[in-house]
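>>> test case, fold it:
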Amino acid sequence: MLRDLDGGSAGGETRGGARHRVVLIALDACDPATVRRMAAAGDMPVTAKFLDEAARCTIRNPYGLFVGATWANFATGVHPDRHLFYGWDRIDPRDYAYRLKPHGVHFPGFWDALGEAGRRVALIDIPHARYVEPVNGVAIAEWGCHDRHYGFHTQPPGRAAAIVERFGMHPLFAPDPYAVRDFAPDDHAHRATTYRTEAEYAALTRDLLAGIAAKTPLVGALLAEEPWDLFVAVFGEGHAAGHQMWHLHDPDHAGFDAGARAAAGGDPIAAIYRALDDAVGALLERVEPDATVMLLFSHGMGRHHDGTHLLAEILRRLDRDYREAGRSASDLAKRGKQALVPGALRLGAALGLPRPLARAIARKLGARGLGTAAERARQAFFIAPNNHVYGGIRFNLKGREARGWIDEAEAESLAARLERDLLALVNVDTGRPIVRSVRRSDAFFRRSDGDSMPDLFLDWERSAPIEAARSPRIGTVRAPYDCWRTGDHRLAGMLLARGPGLPAGQAFARMRMEDLPISIAARLGVALQDVDGAAVPWLPGAGSRGAVSPAPAGRERQS
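Residues are numbered from 1 along each chain as shown. Coordinates of the predicted model:
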């Protein structure tokens, strides 16, 4: 699994006795473009100084799957086609049923290999990480994460009670803190109805700021415990704020209202980013001057403008059109709407809802219903849940899906036909296309029989809301986007790194997220084996000494 480089020994010492320590502070989903603007304006002075003094590069996350896979790529150093951690819901190819993935998904972290090599590690709130085995140091999971799956736990287990006694729990991210279930606490906090009031947004902002204030001493105390070889702490408050309150930050957002922003206490994104900058500054005061310090902005954030809530109905109509040439678009639209109601009624019955309420839900679903397993089994292609930012389409392939009837040879021509028709869809409200590109997933990832990955990714045109799509082939599909989340992710992240031997203020070519753990390990004198990432050459102590075998053909071939 690993080997020491140049006779490295425990404690991160390498040839010549030089000791490398790495401290990585990550601001989860804090938008890099916004960070750079605020730093330039003097609103994030610590980050501005880092931008001047650090080597930097863009972080390239896995195309199409990055919302779910970004942190798993960081933890493992491999691509999503190997760790298979890229979403929490799926269409099961065995029976076409919509299901959540089972609890207890676990992928090993690169810190395990570092521990085996004698390096001491401290880890705080790495998203999606679950610690089922001891680490060579301390691990804290889901004390303050936007993403919650396994509940608050630690390694060693006894640390959890001591943390609660000394620091309490996060004021926003810790409802039912030990529960094992998949949810984002910020989706539910301070929200009595579908949309928050100005007062509720103000309360949400206060809790996020209080969370930063509570987490900073917890991180600082652990940082001061010993000279860790690897120290990683992740702040999730920017992630939560971006999802819930982007419309109070971005004047170009369709929901922006200057009066509402003022009533909510001002720009919450700016306030939270400033508080995170202050937290970073306070923590850096505790870091030894010879340590390598990294600031990671994992991936971006922007307006939640996509057409994923329309996609299932668009695909139904295209499927019918391909097989029933000659029927009018209006007839297809009528049949498509009717098809949603029985599926929603069956779902309502399964949940024990009264039939009138189930009918009301069915009407409200409009174009958003995923439909039934039986419908998907009949279609040549159907929606593959993919975290909204990119649309996902999966073919009903013979030999892969339970009742698949599309030959592999047909899939290529079908993909080309779908691409043509999807690119022809127009946003009724703007007159512009709703899809920027349609890409095959096997252009980026190696596929396997056990995956639930889409076969096609749709990159939405996100400059405006997409609530009605039209083309001559499908007619008009209309449904408002009425979720409370007003912000969603963008693909690129940013890394800043400052330390002995690193070129100050120099920008480098982009790094894949899976390259980062390999580079960190190499700087600590350990080469990771059986990984897809590679140590980047601009980190002294990495380069050729930390190089690994290149990724197998067919993976991550994006430009």
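>>> may I have the strands that pair with the helix or strand where Ala122 lies, each with its orientation?
Assigned by DSSP states H and E, Ala122 falls within strand 121-124. Here strand 121-124 is paired, per DSSP bridges, with strand 137-141 (parallel), strand 230-235 (parallel).
>>> and it, average pLDDT?
Computed over strand 121-124, the mean pLDDT rounds to 98.
>>> in it, which residues are buried?
By neighbour count with 16 or more other Cβ atoms under 10 Å, strand 121-124 contains the buried residues 121-124. The way it works is simple: take the backbone N, C-alpha and C, and place the C-beta from them, glycine included.
>>> looking at the strands paired with strand 121-124, which one is packed in the most?
Of all these, strand 230-235 carries the top mean neighbour count, a mean of 26, counting by mean count of other Cβ atoms under 10 Å.
>>> re earlier: and the strand holding Ala122, how far from the chain's centre?
What separates the centre of strand 121-124 from the centre of its chain is 21 Å, taken as Cα atoms, centre = their mean, to the nearest Å.
>>> and for it, what's in contact with it?
The contact list for strand 121-124, computed with Cβ atoms under 8 Å, 6 or more residues apart in numbering, reads 109, 111, 114-115, 129, 135-140, 143, 218-219, 222-223, 225, 228-234.
>>> quick one: buried residues of the longest helix seen in the chain?
Ranked by residue count, the top helix of the chain under DSSP state H comes out as helix 198-225. Buried positions in helix 198-225, judged by neighbour count with 16+ other Cβ under 10 Å: 198, 200-209, 211-212, 214-216, 218-219, 222-223.
>>> go on, stretch 128-138?
Going by neighbour count (16+ other Cβ under 10 Å), the buried part of stretch 128-138 is 128-131, 135-138.
>>> could you do stretch 71-81 as well?
71-81.
>>> ends of it, how far apart?
Distance between the boundary residues of stretch 71-81 (Cα to Cα, to the nearest Å) amounts to 14 Å.
>>> hmm, who's touching that stretch?
For stretch 71-81, contacts defined as Cβ under 8 Å, 6+ apart pick out 28, 61-62, 65, 68-69, 82-83, 85-86, 107-110, 126-129, 298, 445-448, 451, 453, 512-518, 528, 530-533, 551, 555-556.
>>> mind doing that once more with 7 Å?
Stretch 71-81 has contacts (Cβ atoms under 7 Å, 6 or more residues apart in numbering) with 62, 65, 69, 83, 85-86, 107-110, 126-129, 298, 445-448, 451, 513-514, 516-518, 528, 531-533, 551, 555-556.
>>> also stretch 36-48?
Here stretch 36-48 makes contact (Cβ under 7 Å, 6+ apart) with 35, 51, 270, 273-274, 277, 280-281, 295.
>>> which residue lies nearest the spatial centre of this structure?
For the chain, the residue sitting closest to the mean C-alpha position, by Cα atoms, centre = their mean, is Val67 at 2.5 Å.
>>> will you turn the strands paired with strand 121-124 into CSV that also has mean pLDDT?
As requested, the strands paired with strand 121-124 are exported to CSV (pLDDT from 0 to 100):
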stretch, mean pLDDT
strand 137-141, 98
strand 230-235, 98
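>>> for Arg400, which of those is the nearest?
Ranking the strands paired with strand 121-124 by proximity to Arg400 (Cβ to Cβ) places strand 137-141 first, at 34.6 Å.
>>> show the subsequent helix or strand relative to the closest one.
Going down the chain from strand 137-141, the next helix or strand is strand 153-155, by DSSP H and E.
>>> for the chain, what are the low-confidence residue spans?
1-19, 102-105, 325-369, 540-559 (pLDDT under 70).
>>> outline the domain layout of it.
2-84+105-183+223-302+491-546, 308-482 (automatic domain parsing).
>>> deepest of these, which one?
Comparing the domains of the chain by mean count of other Cβ under 10 Å gives domain 2-84+105-183+223-302+491-546 as most buried, with a mean of 20.
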